[in-house]
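In: got a predicted structure plus its sequence, pasted below:
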Amino acid sequence: MIRTQSSAVINFARRAFIRGMAPMGAARARQLFREGLPENFRPAFEFLFEQKLSAQDVRVVERVEVLRTALAQGNKSFRVIGSDGNLLTRTSQFIAQYSSVTRGWGTFLYLCAKGFKATTILELGSCVGISGSYLASAPHCREFLSIERSPELAALARTHIQHICRDADVVNGTIDDVLPQVLAQFTQPIDLYYVDANHHYEPTLRYFEKAIPFLGQGALVVFDDIHWSKPMWNAWQQLCAHQGFSHTIDIGRFGLCVWQGGHAQPRRHTLARYAGWVWSYVPR
Ligand SMILES: C[S@@+](CC[C@H](N)C(=O)[O-])C[C@H]1O[C@@H](n2cnc3c(N)ncnc32)[C@H](O)[C@@H]1O
C-alpha cells in the first residue's frame, strides 16, 4: 500500500515536471530545426513535447499495446539470461512492465522510424518484441531484424513482431556471434539501428563500429539507456565525438545519432532536461 502511494506521488510529481518543462522542450526543438536539425525528428519531438499524435498513429500504438496487455495478463515465466550471464526467472508481467520499452518511449521510437522513412531496421535486444513491434510498425519498413540471446524470449518476440510485419524476423544468438551474418542479410543499407542490449561501455561501441559499413547515409542510430551508468555515459561521450555523425542528441532515455559517413563532424545537442526521463546516472 505504502509502495502504491509513494509511486503515485512520484508519478504525479513526474507528470507535473513534464508539463512544466515540455513547452520549453518544444521551443528548443523548434530552434534546433531552424538551425538545421533534420526534419525527420519533427513527429517524434512534437509527440514528446506537445503530445501530438494523429488518430492513425494512435491505432498503431494500440495495436502494439494489445500485445503487451495480453503478455502482462499471462501467468507464464521465462528463463532469461541476466547481464552477468546467470539464468533468471522472470514473469510475463515483469517483462511486459519493466523489461520492455514503455508505451510513451515506444511511440517515440515508432515516430522516429516513421519520420526517417526507415525501410531497413536492425534492433539489438528483442526481449519479447515490444520495441521491435513499435519499430516494425513504421509505414515504410520492409526489412526488420532483431537479435535476442534468450531462446524463449526470441520465440515470443518473433511471434509478436511478425504479427505487425510478416517478413520481420528475430535471430536467436549472442550479438557477437550473429551480428556479422545478420548485417550481411540486409539487401539495402540500414536506415535505423537500435542498440538495446548489453549496456556496457565496450560492447556498445563495438556493436556500433561493426555496423558502420552497413549504415545508409542519413541513417538514425539510437542507443538506449545512455544515462544508465557511468560506463554508458562514457560510451555516449565517445559516440558524440565520432567522425561520420552529423548530429547527436541526448533525449534523456535515448542517444540519437544521424549518420552521414565520410568526414562529417557531429553537432551535439541535448534536450534531455525537457524530456521527463528519470536518469540513473547524472553526469557531473
Ligand atoms: C532491455 S532488454 C530489450 C528490451 C526490448 N528492446 C524492448 O524494449 O522491448 C535487453 C535484451 O537484450 C538481450 N541481450 C543482452 N545481452 C545480449 C547479447 N550479448 N546478445 C543477445 N541478446 C542480448 C537480453 O536477453 C534482453 O532480452
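Out: Good, I have the coordinates.
In: hey, where'd the strands end up in the stretch 1-150 of the chain?
Out: 77-81, 87-91, 120-124, 143-148 (DSSP state E, counting those that start in this stretch).
In: quick check: buried residues in the third one?
Out: Buried residues in strand 120-124, defined by neighbour count with 16 or more other C-beta atoms under 10 Å: 120, 121, 122, 123, 124. Any C-beta I mention is one placed from the backbone N, CA and C, and that applies to glycine too.
In: for the first one, same thing?
Out: Judged by neighbour count using 16+ other C-beta under 10 Å, the buried positions of strand 77-81 are 78, 80.
In: helices or strands next to it in the packing?
Out: strand 87-91, helix 151-164 (3 or more C-beta pairs under 8 Å, 6 or more residues apart in numbering; DSSP states H and E).
In: same thing with the last one?
Out: On a contact count with 3+ C-beta pairs under 8 Å, 6+ apart, strand 143-148 meets strand 120-124, helix 130-136, helix 151-164, strand 169-172, helix 175-185.
In: out of these, deepest packed?
Out: helix 130-136 (a mean of 29; mean count of other C-beta atoms under 10 Å).
In: ok, residues contacting that one?
Out: With C-beta atoms under 8 Å, 6 or more residues apart in numbering as the test, helix 130-136 has contacts from 61, 63-64, 67-68, 96, 100-101, 106-107, 109-110, 113, 118, 121, 123, 126, 141, 144, 146, 157, 160-161, 163-165, 168, 170, 192, 194, 196.
In: do stretch 206-221 as well
Out: 38, 40, 112-113, 116, 118, 120, 122, 124, 175, 179-180, 183, 186, 188-193, 195, 198, 223, 239, 242, 244-245, 256-261.
In: ok, back up a step: pull out the buried members of the contacts of helix 130-136.
Out: 61, 64, 67-68, 96, 100-101, 106-107, 109-110, 113, 118, 121, 123, 126, 141, 144, 146, 157, 160-161, 163-165, 168, 170, 192, 194, 196.
In: which ones among those residues come in contact with the ligand?
Out: Counting by C-beta under 6 Å from any ligand atom, 100, 101, 196 from these sit close to the ligand.
In: could you export the strands of the stretch 1-150 of the chain as CSV, including mean pLDDT?
Out: Shown next, in CSV, are the strands of the stretch 1-150 of the chain (pLDDT from 0 to 100):
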stretch, mean pLDDT
strand 77-81, 86
strand 87-91, 90
strand 120-124, 98
strand 143-148, 98
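In: now render the ones you listed as CSV, adding distance to residue 47.
Out: Formatted as CSV, those follow (distance: least, C-beta to C-beta, whole Å):
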stretch, distance to residue 47
strand 77-81, 30
strand 87-91, 29
strand 120-124, 19
strand 143-148, 21
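In: quick one, which of the ones you listed is nearest to residue 265?
Out: Evaluated with C-beta to C-beta, the strands of the stretch 1-150 of the chain place strand 120-124 nearest to residue 265, the distance being 24.9 Å.
In: centre of the chain versus the closest one, how much separation?
Out: 10 Å (C-alpha atoms, centre = their mean, to the nearest Å).
In: kindly report the same for stretch 262-270.
Out: Distance, centroid of stretch 262-270 to centroid of chain: 20 Å (C-alpha atoms, centre = their mean).
In: then stretch 224-241?
Out: The answer for stretch 224-241 is 14 Å, by C-alpha atoms, centre = their mean.
In: what does the chain put close to the ligand?
Out: 80-81, 99-101, 125, 127, 130-131, 147-150, 153, 174-175, 196-198.
In: pull up the pairing partners for whichever strand in the chain runs longest, direction included.
Out: For the chain, the strand with the greatest residue count under DSSP state E is strand 215-224. Strand 215-224 has its sheet partners listed here by DSSP bridges as strand 190-195 (parallel), strand 254-259 (antiparallel).
In: turn the ones you listed into TSV, including distance to residue 91.
Out: Formatted as TSV, the strands paired with strand 215-224 follow (distance: least, C-beta to C-beta, whole Å):
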stretch	distance to residue 91
strand 190-195	25
strand 254-259	27
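In: so, low pLDDT: which residues of this protein?
Out: Within the chain, the stretches with pLDDT under 70 are 1-19, 277-284.
In: could you redo the last one with a cut-off of 80?
Out: The model of the chain has pLDDT under 80 over residues 1-20, 81-85, 276-284.
In: returning to that earlier point: and the helices and strands packed on strand 143-148 as JSON lines, adding distance to residue 20?
Out: JSON lines is the format used below for the helices and strands packed on strand 143-148 (distance: least, C-beta to C-beta, whole Å):
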{"stretch": "strand 120-124", "distance to residue 20": "33"}
{"stretch": "helix 130-136", "distance to residue 20": "27"}
{"stretch": "helix 151-164", "distance to residue 20": "35"}
{"stretch": "strand 169-172", "distance to residue 20": "40"}
{"stretch": "helix 175-185", "distance to residue 20": "39"}
